[in-house]
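**Q** Build me a model:
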Amino acid sequence: MSALTGLGLVPAAAQSLIRKSGSYLAAIISAALTLLSPSLHAVELQSSVISSVLWSADSGSLKRQNFQFSLEPEFILRFDQQIKLTALSRLRSISLNALAPEKVTDAAYSPYSKPLFIGNSSEFELREFYLEVPSDNYYFTLGKQQVVWGKADGLKVLDIVNPQSYREFILEDFDDSRIPQWMVNIETSLGAWDAQFLWIPDQSYHVLGDEGSLYTPTSPLLLPKSQGGASVEVEPFKRPRRTVMDSDVGLRLSRFWRGWDLSLNYLYQYDNFALLYQRRSITANGLHVDIEPQYRRTHVLGGSFSNAFDNWVIRGELAYFSDRYFLARGLRDSDGIAQGQEVSYVMGLDWAGLENTLISGQLFQSVALNRESATARDKTDTTMSLLVNHTLLNETMELRLIWLANTNIGDGLLRLRLTYEWRDNLKTWIANDIFYGSEEGIFGQFDANDRLTFGVEMGFE
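**A** Next comes the predicted model:
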C-alpha cells in the first residue's frame, strides 16, 4: 500500500486494517497508482463526516432496546485525468449486548472484509475503498465497493451482488446493511448497450444474528425443526477459500429503448445463505444431530424493466436460480436439504398523481421448481408491499409508510417513519416498526421485537 499511504490519504492507524482487508484488490489499486503516478497529480481533497445517534425501545413497554452511536468519515481524492480515490469507514458503538457487533455469524465475513471488533460493544469497518479510472472506452472501479442492480422496496430480487448483514433483520437501510466487497468493476459500451463486468474474489456472505442476539432467526422456514430430546452440535462454517476459482463473476447489459429502461443480468455466485446440512446418528444418549453449514454455487439469470406513463411508473425484476437448496420437510432426506431451482420476481406500480406524494405497490413471488422432495416452504411464496411517501413544509418533512405482508402465513411488517430536516446537515427522525403474525413466519418470528426509534444525524465537511 506504499503508493496509497505515500499520498497521505490513509491515516497510519488504518493502514494495518487496509492491509488486512484487501490484499488482492488493494494490490491492484496500489499497482494502478504506481503506474499512473508519473503523470498523476492530486488536484482536490474532499472530506466529510456523518455522525448519528439512535435510541430504540420496545413499542409497548418502552423498555430500552438499544443506544447506538456511529461515525462515518469519508475522503475523496480527485486527480487530474478524472481519476478519483474514495475511502469511507464506519465506527459504531452499540450498547445492547443482544445487538452487539460480535453477536453475528462473523465466520461469514471474508478475512479481508471482516470489521475490527473493539471489545463487545464497538466495531470499526472499512466500508468502501476504491479507485475510479476512466479511459476512452472503459470505466474501471477497483476496490471495496457496493454494486446495486435491483431497486425493489423492502425486499430484494436482483440486488444480490453484495451480501447483507441481517444483524437487525431488514430494518437497517440497504446502504448500511449491504456488505461492500473487494472487486473489479468494469463498464463499457457494446453497441446500443451499456455493459458492466464484475469480478469478485471477496468471499463474504450474508451475516445473521448469532445465538442470543435480538434478531436470531427462529422460523422453521429458515432453521431445521428441533427434534425432541436430540442433542445438536453446529460445526464450523465451511467457506470457499480459493481466491480465483471461488470468485463470483457477473455481467449486466442495460439500455434505454423506446421509453423503457431495460437490463439483462447474469451472476455466477455462491448462494449468500449458508445451507444447514444435517447428519443424524444414534448414540448412547439418544438422537444426535450434527449441523454442517456450507455454501453452494448457483447461476442467476434475470433482468429488469421500467417505464413512465404520465403519473404512473411500471417496473419489474426477474431472477432465475439454476441451483437452489431448500430445507426439507420431515426426515426423508438424510441431510435435511432438498435441491431444486427457483424463479423470483417482483412487479411494481408507482403513482405520483398527488402533489409531493408517491404511492407504490409491489407483488413479490418466489416459486420453487423441480424440488427433489417436500420442502418446509410452500412451492409458491407471495409477499405484497405498499409504500406511501409524502413530503411537506418545502420538503423538509417526510412521512413514510411501508407495509410488507406475506400471504402464505399471514405475517408481516409495518414501518412508519417521520423525518424532519432542520438544516442541510442536520435531521432527526422517529420511527415505529411493528411485526405481526405467526412465529413460524419470516416476519412473525420477531413479533416480540416491535420497536420505537428516535435518531439524530449530523454531517460536517
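**Q** how about low-confidence regions in the chain?
**A** By pLDDT under 70, the weakly predicted segments of the chain are 1-42, 97-98, 100-105, 226-230, 284, 286, 331-333.
**Q** Grab the CA positions of the helix or strand encompassing residue 347 and hand them over as PDB.
**A** If you go by DSSP states H and E, residue 347 is part of strand 337-351. Only the C-alpha atoms of strand 337-351 are listed here, as PDB (Å, rounded to 0.1, in the frame of the first residue of the first chain):
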ATOM      1  CA  ILE A 337     -31.800 -30.500   2.200                       C
ATOM      2  CA  ALA A 338     -33.900 -30.700  -1.000                       C
ATOM      3  CA  GLN A 339     -32.400 -29.400  -4.200                       C
ATOM      4  CA  GLY A 340     -34.200 -27.600  -7.000                       C
ATOM      5  CA  GLN A 341     -34.400 -24.400  -8.900                       C
ATOM      6  CA  GLU A 342     -36.100 -21.100  -8.100                       C
ATOM      7  CA  VAL A 343     -37.800 -18.200 -10.000                       C
ATOM      8  CA  SER A 344     -38.200 -15.000  -8.100                       C
ATOM      9  CA  TYR A 345     -39.800 -11.800  -9.400                       C
ATOM     10  CA  VAL A 346     -41.300  -8.500  -8.400                       C
ATOM     11  CA  MET A 347     -43.900  -6.400 -10.200                       C
ATOM     12  CA  GLY A 348     -44.300  -2.800  -9.100                       C
ATOM     13  CA  LEU A 349     -46.700   0.000  -9.900                       C
ATOM     14  CA  ASP A 350     -45.900   3.600  -8.700                       C
ATOM     15  CA  TRP A 351     -48.300   6.600  -8.800                       C
END
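**Q** Pull up the pairing partners for that strand, direction included.
**A** Its sheet considered, strand 337-351 pairs with strand 312-327 (antiparallel), strand 357-369 (antiparallel) by DSSP bridges.
**Q** how much distance is there from that strand to the middle of the chain?
**A** On the basis of C-alpha atoms, centre = their mean, to the nearest Å, strand 337-351 sits 17 Å off its chain's mean C-alpha point.
**Q** Let's have the strands paired with strand 337-351 in JSON lines, adding mean neighbour count and distance to residue 191.
**A** Where you see a C-beta, it was placed from the backbone N, CA and C, and this is true even at glycine. Converted to JSON lines, the strands paired with strand 337-351 look like this (neighbours: other C-beta atoms under 10 Å; distance: least, C-beta to C-beta, whole Å):
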{"stretch": "strand 312-327", "mean neighbour count": "19", "distance to residue 191": "23"}
{"stretch": "strand 357-369", "mean neighbour count": "18", "distance to residue 191": "32"}
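**Q** Please convert those strands to JSON lines, extending it with distance to residue 334.
**A** As requested, those are exported to JSON lines (distance: least, C-beta to C-beta, whole Å):
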{"stretch": "strand 312-327", "distance to residue 334": "14"}
{"stretch": "strand 357-369", "distance to residue 334": "20"}
